[in-house]
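Colleague: Everything below, folded, please.
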Amino acid sequence: MKKATMILALLALVAGGAFAEEKTEKLDGKTLYKDMCKVCHGEDSDAGEYTPMYLIIEQWERFFDEDYTETHAEAAYEDGTMVMEAITPEMLKEIREFCIDGAADSEHPMTCG
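Modeller: Next comes the predicted model:
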């Protein structure tokens, strides 16, 4: 009986860990855009103001597929952190999705308030 209890306790611990991982809050594209992009691309910024509805879907796709790496290779935040190091591929995927979903010619254009 002790062995069965230990096995059940171990399974509960493992299952609890897996459940905790699932509950880890994943940042959405809108939050990432506000935190990682809008800080440099807000109103009157030197880098130019951009919101999802600033471009159409095709332009956002081209930006993320062809231009992002080149235009952000030397870009840094005020604290000196390089943009390309701060934004992980997973984060960039979420930001891309948010921009395309909110593009000017999408069903729900967004400004990112």
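Colleague: which strands and helices sit next to the helix or strand encompassing Met91?
Modeller: Using DSSP states H and E, Met91 maps to helix 89-101. Judged by 3 or more Cβ pairs under 8 Å, 6 or more residues apart in numbering; DSSP states H and E, helix 89-101 is in contact with helix 29-32, helix 57-62. Every C-beta, even on glycine, is put in place using the N, C-alpha and C of the backbone.
Colleague: Make TSV out of these and add distance to Phe98, mean neighbour count and mean pLDDT.
Modeller: Formatted as TSV, the helices and strands packed on helix 89-101 follow (distance: least, Cβ to Cβ, whole Å; neighbours: other Cβ atoms under 10 Å; pLDDT from 0 to 100):
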stretch	distance to Phe98	mean neighbour count	mean pLDDT
helix 29-32	3	20	96
helix 57-62	10	16	98
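Colleague: I'd say Met110 and Met53 touch.
Modeller: Yes. If you go by Cβ atoms under 8 Å, Met110 and Met53 touch, sitting 5.8 Å apart.
Colleague: Break down the chain into its helices, ranges please.
Modeller: 2-23, 29-32, 57-62, 68-72, 83-86, 89-101 (DSSP state H).
Colleague: So what's the predicted local confidence for the residue nearest to the spatial centre of the chain?
Modeller: The centroid of the chain falls nearest to Met91 when counting by Cα atoms, centre = their mean (3.2 Å). What the model reports as pLDDT for Met91 is 97.
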